[in-house]
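Chemist: coordinates only, sequence not included:
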C-alpha cells in the first residue's frame, strides 16, 4: 500500500541556526558553493545531483531569513532519474555533512503556507548552511587544488625523467654496445612495473627520484664514453659535423647560455619528424618564427609560450618544443606516447630552468641516435 506521506518522513535532524539574514541570496553563489562542496567533501554523484536540484528550485526569496526549498521526493526522483531510496540516502548524507539544514513539519511533509499570495512559512530544506560555508569551502578547495598541481608537476617530471632514461639507455646500446648496461636496464624494467599511474592515488615522488637516478647514471656512462663531448664549439660553421664541446658555455646549466649551442642544423638532424611541421628553416630566426607560428597546433597556449620564452629564452623554448614534438611523433621504444604535448612542454621548461635537464645534451643524444639508424 502506498504511503500517504509521499515526501518521506525521517527522524528530525539538528537545524543549523539561520536567524541572521544571509549576506546574499544569489543563486549563482549557491551553485558555486555546491560545486565546491562536491569537491571538498567528496560527495557522491547522487548527492551532487540532489544538491543541484535543491539549489535549482530555490526562488531567491528568503523565508524567515532562511533559504528554504520544499521539493518532494517524487519531484527529485523525476528530475534526477534516481530511485526514491537513493534520493532519501542522498538527502541524509547532505544533512549529515552539514551543507543543508532541515525544517520539518509535524507530519514530515514538505510544503509552503501562503497568505495573500505571499509565502509566509515553509517546511523543507534550508540551503543557508551551504552559503554560509562558502568562504571555508573556498579555502579548502584552494589547498586541494594546490596539492593537485604539485602532484601533477611531480608526475610531469617523472614522465620526463622516465622517457629520458629510456632514450639514454637506447642511445648507449646503439652507440656504445660494448658498455654493459644490463643492470641499469633491469632496474628500469622493475621501476616501470612499480611506477604509479597518474590516474591512481599514489605519490610520484619516489618513482620520480628513482627514474632521475637511472637517467643520470645512464647519461654519465654515455658522456664518459664520449669523453664528455656533448655540445659544439662556438664558431661560424654551424653545420660542421663535429660534436666538440662548446667552450664558450661557462655554465652549462644556465638555459640562456646553453641555448647558444642549439641551432636549426642540429635540430634538423636530431628531430627530422618535428622539423617537417615547422617548414623551411635556414636560421635561428626562422626556427623561432616557425615554432611560434605552429605552437598552437602543438597544444601550447599564447600565455604558455610567452612564459617559456621569458623563462628560458626564445631559441631554447623553440628547441624545447621541437624536441617534445619529436618525442611525441617517435617515442622511445617501450615508452608510452605523449598525450599532452603542451603539458609536457611546460614541464620541460620548468626542468630546464631549474637546471635539471640539459637540453643540449638531449638534442645531442637524439642526434646520435638518428645517425645510427
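Modeler: It's in. It should be emphasised that the depicted structure is a prediction, and the values quoted were computed from it without experimental measurement.
Chemist: now the strand or helix carrying residue 170: mean pLDDT?
Modeler: Secondary structure assignment for residue 170, by DSSP states H and E: helix 134-175. When pLDDT is averaged along helix 134-175, the result is 87.
Chemist: ok, then the element right after that helix?
Modeler: Downstream of helix 134-175, the next assigned helix or strand under DSSP H and E is helix 182-194.
Chemist: that next one - contacts with which helices or strands?
Modeler: Applying 3 or more Cβ pairs under 8 Å, 6 or more residues apart in numbering; DSSP states H and E, we find helix 182-194 packed against helix 134-175, helix 205-225. Where you see a C-beta, it was placed from the backbone N, CA and C, and this is true even at glycine.
Chemist: measure how the longest one sits relative to helix 182-194, angle-wise.
Modeler: Here helix 134-175 runs at 150 degrees with respect to helix 182-194, directions being taken by axes from the mean of the first three to the mean of the last three Cα atoms, to 10 degrees.
Chemist: residue 340 reaches residue 299, doesn't it?
Modeler: Yes - Residue 340 lies in contact with residue 299 (Cβ atoms under 8 Å); the separation is 6.4 Å.
Chemist: grab the nearest non-local neighbour of residue 268.
Modeler: The spatially closest residue to residue 268, leaving aside those adjacent along the chain, is residue 275, at 5.2 Å (Cβ to Cβ, 6 or more residues apart in numbering).
Chemist: give me the three-state assignment for residue 368.
Modeler: helix (DSSP: H, G, I helix; E, B strand; the rest coil).
Chemist: distance of the closest residue to it other than its chain neighbours from residue 63?
Modeler: Leaving aside its chain neighbours, residue 368 sits nearest to residue 175 (5.5 Å; criterion: Cβ to Cβ, 6+ apart). For residue 175, the distance to residue 63 equals 78 Å [Cβ to Cβ, to the nearest Å].
Chemist: these two: which has the busier surroundings?
Modeler: Neighbour tally, residue 175 and residue 63, criterion other Cβ atoms under 10 Å: the higher count belongs to residue 63, 20 against 16.
Chemist: that one bridge partners, please.
Modeler: residue 66 (DSSP bridges).
Chemist: can we start the residue count at 198 from this point?
Modeler: Right, with 198 as the first residue, what we last looked at is residue 260.
Chemist: which ones are touching it?
Modeler: For residue 260, the contacting residues are 309, 316-319, by Cβ atoms under 8 Å, 6 or more residues apart in numbering.
Chemist: and it, how far is that from residue 382?
Modeler: Separation of residue 260 from residue 382 (Cβ to Cβ): 71 Å.
Chemist: tell me which of the contacts of residue 260 fall in helices.
Modeler: For the contacts of residue 260, not one is inside helices, with DSSP state H as the criterion.
Chemist: show the buried residues in the residues you listed.
Modeler: With burial judged by 16 or more other Cβ atoms under 10 Å, the buried subset of the contacts of residue 260 is 316, 319.
Chemist: pick the one among the contacts of residue 260 closest to residue 252.
Modeler: Nearest to residue 252 out of the contacts of residue 260 is residue 319 (Cβ to Cβ; 15.9 Å).
Chemist: confirm for me that residue 281 is in contact with residue 274.
Modeler: Yes - using Cβ under 8 Å, residue 281 is in contact with residue 274, at 5.3 Å.
Chemist: can you pick out the residue with more neighbours from those two?
Modeler: The neighbour comparison of residue 281 against residue 274 (other Cβ under 10 Å) goes to residue 274, with 16 against 13.
Chemist: distance between whatever helix or strand the more buried one lives in and the chain's centre?
Modeler: Here residue 274, judged by DSSP H and E, is contained in helix 270-277. Relative to the mean C-alpha coordinate of its chain, helix 270-277 is positioned 35 Å out (Cα atoms, centre = their mean, to the nearest Å).
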